[in-house]
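A.B. asks: I need the structure of the sequence given here:
(one chain, ligands or ions: 1)
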Amino acid sequence: MIELKDVSMLFGQGTVNENLALNGINLKVKEGDFITIIGSNGAGKTTLFNLIAGTIAPSRGAIFANDRDVTREPEYKRARYIGRIFQNPLLGTASNMSLEDNMMITYRKGFKWLKRSLNHRMRDYFRKELVQLNMGLENRMKENLVMFSGGQRQALTLLMMVLSKPSLILLDEHTAALDPKNAQIVLELTNKFIEEYRLTAMMITHNMSHAIEFGNRLLMMDKGEIIFDVEGEAKKQLTVEKLIDKFHQLRHKSFENDRTLLAEE
Ligand SMILES: Nc1ncnc2c1ncn2[C@@H]1O[C@H](COP(=O)(O)OP(=O)(O)OP(=O)(O)O)[C@@H](O)[C@H]1O
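C.D. replies: Model prediction:
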């Protein structure tokens, strides 16, 4: 699906702030993979997503999507097949528009046919899809999203993204700004959608238990490198303790004090 070949990202080249955020990353994301990504602050996780999404171009190396070289393809073109959800629940939806208009825009990917096409059939379809969230939103389709909670908006962003059928979804700590109960609800919905719609997904999290519980593959990043890549049965055997040991082993340093990596969402 997505492949990174020897990808590096050097910020501020030649300045005092020169920073090798990613160093020679080689990664093959297979169709149907649900990859969780952990790593301490500044490890390069978001930079990795920015490169895959086309927000920035790498200093070195190449990125392929379905064997097509997309290294220089701009973000807006990649957005047609790569969906991304950020930490901030307000980013994925438009506050001053109704729920049904928000859904319609995603469905049509633009404003063009909005009024003309929002007919009975579409409303029924949206209503049916909204039921899946189990939040009663199917009865609030005319309300502006400004009335909705962060958890509801993030769940909606997720559903809207899923309905646009992306080839890859990038979840950038998408539950970190929610309270624990809502974070769990959104995570479970994420998992359900990924399974039911057979999506390919990558999820950054600072919660190691979530990284172990969800997905078929786990990447641990540190200082711009993927230092541990585990999948399938071996991933299922992981525990938080084993992950911490692994990190000690690989980096010979303690990360018990790394509160961010250990933080519970
Ligand atoms: N646009 C930029 N310009 C300069 N340096 C940057 C830029 N973006 C990221 N960096 C640097 O690259 C390194 C990796 O940052 P990145 O945000 O990818 O880390 P991260 O693993 O996502 O961290 P966190 O868990 O704190 O979000 C950091 O040292 C960061 O300061």
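A.B. asks: ranges for the strands of the stretch 1-150 of the chain?
C.D. replies: With DSSP state E, counting those that start in this stretch applied, the stretch 1-150 of the chain shows strands at 2-11, 19-29, 34-39, 60-65, 68-69, 82-85, listed in chain order.
A.B. asks: just the stretch 151-265 of the chain next, same as before
C.D. replies: With DSSP E, counting those that start in this stretch, the ranges of strands along the stretch 151-265 of the chain come out as 168-172, 201-204, 217-222, 225-231.
A.B. asks: As CSV, these with distance to the ligand would be great.
C.D. replies: All C-beta atoms are positioned from the backbone trio N, CA, C, and that covers glycine. Below are the strands of the stretch 151-265 of the chain laid out as CSV (distance: least, Cβ to the nearest ligand atom, whole Å):
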stretch, distance to the ligand
strand 168-172, 8
strand 201-204, 7
strand 217-222, 6
strand 225-231, 11
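A.B. asks: could the ones you listed be laid out in TSV, adding mean pLDDT and mean neighbour count?
C.D. replies: Compiled in TSV, the strands of the stretch 151-265 of the chain are given as follows (pLDDT from 0 to 100; neighbours: other Cβ atoms under 10 Å):
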stretch	mean pLDDT	mean neighbour count
strand 168-172	97	24
strand 201-204	98	25
strand 217-222	97	22
strand 225-231	96	18
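A.B. asks: In CSV, list those along with distance to residue 62.
C.D. replies: Converted to CSV, the strands of the stretch 151-265 of the chain look like this (distance: least, Cβ to Cβ, whole Å):
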stretch, distance to residue 62
strand 168-172, 17
strand 201-204, 18
strand 217-222, 19
strand 225-231, 17
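A.B. asks: Ok, which of the ones you listed comes nearest residue 6?
C.D. replies: strand 225-231 (12.1 Å; Cβ to Cβ).
A.B. asks: what's next to the closest one, contact-wise?
C.D. replies: 22-25, 27, 33, 44, 216-221, 238, 246-247, 250-251 (Cβ atoms under 8 Å, 6 or more residues apart in numbering).
A.B. asks: Equivalent analysis for stretch 27-37, please.
C.D. replies: Here stretch 27-37 has contacts from 1-4, 7, 45, 48, 168, 191, 194, 198-205, 210-212, 214-221, 226, 229, 231, using Cβ under 8 Å, 6+ apart.
A.B. asks: Try it again at 7 Å.
C.D. replies: Stretch 27-37 is contacted by residues 1-4, 45, 194, 198, 200-205, 211, 214-219, 221, 226 when judged by Cβ atoms under 7 Å, 6 or more residues apart in numbering.
A.B. asks: ok, now stretch 173-181?
C.D. replies: Applying Cβ under 7 Å, 6+ apart, the external contacts of stretch 173-181 come out as 85-89, 150-151, 154, 183, 186-187, 204-206, 265.
A.B. asks: could you flag which of the contacts of strand 225-231 are buried?
C.D. replies: 22-23, 25, 27, 33, 44, 216-221, 238, 247, 251 (16 or more other Cβ atoms under 10 Å).
A.B. asks: which one of the residues you listed is nearest residue 134?
C.D. replies: Checking the buried ones among the contacts of strand 225-231 against residue 134 with Cβ to Cβ, the nearest one is residue 216 at 24.7 Å.
A.B. asks: separation between the closest one and residue 33?
C.D. replies: 6 Å (Cβ to Cβ, to the nearest Å).
A.B. asks: Kindly report the same for residue 185.
C.D. replies: For residue 185 relative to residue 33 (Cβ to Cβ), the value is 24 Å.
A.B. asks: what does the stretch 1-150 of the chain put close to the ligand?
C.D. replies: Residues of the stretch 1-150 of the chain lying near the ligand by Cβ under 6 Å from any ligand atom: 11-12, 19, 21, 39, 41-47.
A.B. asks: Next, the contact list for residue 205, please.
C.D. replies: Contacts here follow Cβ under 7 Å, 6+ apart; on that basis residue 205 touches 36, 38, 173, 211.
A.B. asks: ok, the closest residue to the first one other than its chain neighbours to residue 153 distance?
C.D. replies: Okay, so that is residue 36. Once flanking residues are discounted, residue 36 sits nearest to residue 211: 4.0 Å by Cβ to Cβ, 6 or more residues apart in numbering. Using Cβ to Cβ, residue 211 is found at 24 Å from residue 153.
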